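In: no FASTA, just this:
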């Protein structure tokens, strides 16, 4: 498993994948729509798969002495590692901004517990639709990105807009009581993320087995 991930990160990953992962630091920027951090994460994945199409990475991977399901597993491991790294990079800055910018984020949701819960849902939707679509052919990254990004953007937009309504003000809060209230969103987000990854892997493997490279 580690060898698969090593191969993906060293040979297949486009440089923008790492750059966009580092953009988790944007949660410290005042008056910025923090949902864009997750879209940068999705864009990095697209750039990597598009780059892989140009470099024949899928064909190269299929020639390695590994089953085709491991080609899918390697891509999935790369995506998960970068997405989780992006969140981990942003976490200390999300804590810091509470004291640095106590006035909150007028542009949209605060980088709080609910924010990360929604982030997991956004990534779950994108990963499932992108991977299952891409591995129908093994090269149509553009079509897969278009299919996956539209519902992901809709969830992102809903997250950013909801917090402007008084009834959902608790979603934009960093008060301890409201953070506890937001915990179910985080738990649901993590569960959805894991379930989507498992489903995406099974479906993608089944579809990729039928692809004649």
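Out: That came through, no problem. The structure displayed is predicted, hence computed values, not measured ones.
In: what sits against residue 155?
Out: Shown in contact with residue 155 (CB atoms under 8 Å, 6 or more residues apart in numbering): 118, 121, 122, 125. For glycine as for every other residue, the C-beta is placed from the backbone atoms N, C-alpha and C.
In: and which of the residues you listed is nearest to residue 202?
Out: Nearest to residue 202 among the contacts of residue 155, counting by CB to CB, is residue 125 at 16.9 Å.
In: count the residues that sit near the closest one.
Out: Residue 125 has 23 neighbours, counted by other CB atoms under 10 Å.
In: before we move on, which element is it in?
Out: Element membership for residue 125 (DSSP states H and E) is helix 113-134.
In: tell me the helix or strand right after that helix.
Out: Under the assignment DSSP H and E, the closest C-terminal helix or strand after helix 113-134 is helix 141-162.
In: buried ones in that next one, by neighbour count?
Out: 141, 144-145, 147-149, 152-153, 155-156, 159-160, 162 (16 or more other CB atoms under 10 Å).
In: and the furthest pair within these?
Out: Within these, 141 and 162 form the most distant pair, 31.2 Å apart (CB to CB).
In: find me the pLDDT at the residue nearest the centre of the chain, would you?
Out: Residue closest to the mean C-alpha point of the chain, counted by CA atoms, centre = their mean, is residue 123 at 3.6 Å. If you check residue 123, the pLDDT there is 97.
In: same check, this time on the one 5 residues further on
Out: At residue 128 the predicted local distance difference test score is 97.
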